[in-house]
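Asker: the following comprises the amino acid sequence and a computationally predicted model.
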Amino acid sequence: MKRTIAVIQARMGSSRLPGKILEPLHDDVSLLAYQCRRLRQIEGVDELVIATTTARRDDVIASLAKAEGIRVCRGPEQDVLSRFLLTADRTLADTLVRITSDSPFRDPAVIARCVAEHQAHGAEYTRPEAGHLPGGLRAEIVETRVLRQIDHDSATTQREREHVTIRIRENPDAYRCLSLAFPAELHHPEYDLSVDTAEELEFVRMIHSSLTARSWPVDTGHICALLAELEPAQLVQQGLAS
């Protein structure tokens, strides 16, 4: 039976907001810890793993993984493709779910649907259709053997090694790619719930506190319902929407 492993790629280095993934989202719960707890159990996924680097500054990520009871795999900092394949080798993964660590609200239900559809259609690469979800709420599913082919190709560039799936996304006709449609009420591509600046960190904190104050679950539907109430012009001015 095929093994599907969800991989959070995480490192402390960040040119704009160093150490952002260990900043608190609420109380003393960091962005990364919050994400780990949300994604620990995803239907159709056998295990959640953190893939970090061998740099000493990322020892703190390994410690967090241990505290959360999550396996950690460590590899090259810039060659993220090699880091993913190392993780696949250690976990015997046939299929990988790629998750970035700066997006705390990724939804287990969205990922589970992507995994199920990926397997049902025999796809090599699956993601939500462009524009159908806010940034930071999407998921990528890819077959390990496809990444291994890219790794073995002498024409693979450093950019492709750093961004893992970019060759597939830029050459969709070369692979069995699947794009999943989501309901219209979730179509908020103008928002991005990833964190790369101090302003974006405050934005996701506001989203979490607003949902909590309303006793709403932190899922894609309720996040999009809240976003629909926000004032777009104000957020654009603050650089939080496009």
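Answerer: Nice, thanks for sending it over. Residues are numbered from 1 along each chain as shown.
Asker: at the geometric centre of the protein, which residue do we find?
Answerer: residue 99 (2.5 Å; C-alpha atoms, centre = their mean).
Asker: helix, strand, or coil at it?
Answerer: strand (DSSP: H, G, I helix; E, B strand; the rest coil).
Asker: ok, it - contacts?
Answerer: For residue 99, the contacting residues are 6-9, 35, 39, 106, 111, 139, by C-beta atoms under 8 Å, 6 or more residues apart in numbering. Glycine gets a C-beta too; all of them are placed from N, C-alpha and C.
Asker: buried residues, the helix or strand encompassing residue 150. List them.
Answerer: Using DSSP states H and E, residue 150 falls within helix 144-152. Neighbour counts over helix 144-152 (16 or more other C-beta atoms under 10 Å) mark 144, 146-147, 150 as buried.
Asker: what does stretch 24-34 give?
Answerer: Buried-residue list, stretch 24-34, by 16+ other C-beta under 10 Å: 25, 30-34.
Asker: and the helix or strand harbouring residue 73, what does it pack against?
Answerer: Per DSSP H and E, residue 73 falls inside strand 71-75. In terms of contacts (3 or more C-beta pairs under 8 Å, 6 or more residues apart in numbering; DSSP states H and E), strand 71-75 is packed against strand 47-53, helix 59-68, helix 80-91.
Asker: in a markdown table: those, plus mean pLDDT.
Answerer: Output for these, formatted as a markdown table (pLDDT from 0 to 100):
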| stretch | mean pLDDT |
| --- | --- |
| strand 47-53 | 97 |
| helix 59-68 | 97 |
| helix 80-91 | 97 |
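Asker: I'd like to know which of the ones you listed is closest to residue 209.
Answerer: Nearest to residue 209 among those is helix 59-68 (22.6 Å), distances taken as C-beta to C-beta.
Asker: now the angle from the closest one to strand 47-53?
Answerer: Counting by axes from the mean of the first three to the mean of the last three C-alpha atoms, to 10 degrees, helix 59-68 points 160 degrees away from the direction of strand 47-53.
Asker: could you report the pLDDT at the spatially closest residue to residue 156 that is not a sequence neighbour?
Answerer: In this structure, residue 156 finds its nearest non-sequential neighbour in residue 150, 5.5 Å apart by C-beta to C-beta, 6 or more residues apart in numbering. Predicted confidence (pLDDT) for residue 150: 98.
Asker: residue 238 too?
Answerer: 48.
Asker: wait, residue 66 sits on residue 72?
Answerer: Yes. Between residue 66 and residue 72 there is a contact at 7.2 Å, judged by C-beta atoms under 8 Å.
Asker: residue 58: what's it in contact with?
Answerer: 10-12, 52, 74.
Asker: and these, which two are the farthest apart?
Answerer: Farthest-apart pair in those is 12 and 74; separation 12.6 Å (C-beta to C-beta).
Asker: okay, and the beta partners of the residue nearest to the centre of the chain?
Answerer: Bridge pairing for residue 99 (DSSP bridges) gives the partners residue 8.
Asker: for the helix ranked longest in the chain, give me every contacting residue.
Answerer: Across the chain, the longest stretch assigned as helix under DSSP state H is helix 198-213. The contact list for helix 198-213, computed with C-beta under 8 Å, 6+ apart, reads 17, 20, 23, 25-26, 31, 104-105, 192-195, 217-218, 222-223, 226, 235, 238-240.
Asker: and the next helix or strand after it, what does it pack onto?
Answerer: Counting by DSSP H and E, the next helix or strand C-terminal to helix 198-213 is helix 220-229. When contacts are defined as 3+ C-beta pairs under 8 Å, 6+ apart, helix 220-229 packs onto helix 198-213.
Asker: report the rounded mean pLDDT for the helix it packs on.
Answerer: The model assigns helix 198-213 a mean pLDDT of 94.
Asker: mind exporting the C-alpha coordinates of it to CSV?
Answerer: Taking Å, rounded to 0.1, in the frame of the first residue of the first chain, the C-alpha atoms of helix 198-213 are listed here in CSV:
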residue,chain,number,x,y,z
ALA,A,198,5.8,41.8,10.8
GLU,A,199,2.5,43.2,9.3
GLU,A,200,1.5,39.8,8.0
LEU,A,201,2.3,38.2,11.4
GLU,A,202,-0.1,40.7,13.0
PHE,A,203,-2.7,39.9,10.3
VAL,A,204,-2.8,36.2,11.0
ARG,A,205,-2.9,36.9,14.7
MET,A,206,-5.9,39.1,14.1
ILE,A,207,-7.6,36.4,12.0
HIS,A,208,-7.1,33.8,14.8
SER,A,209,-8.3,36.1,17.5
SER,A,210,-11.3,37.2,15.5
LEU,A,211,-12.3,33.6,14.8
THR,A,212,-11.8,32.6,18.4
ALA,A,213,-13.9,35.6,19.6
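Asker: okay then, goodbye and thanks.
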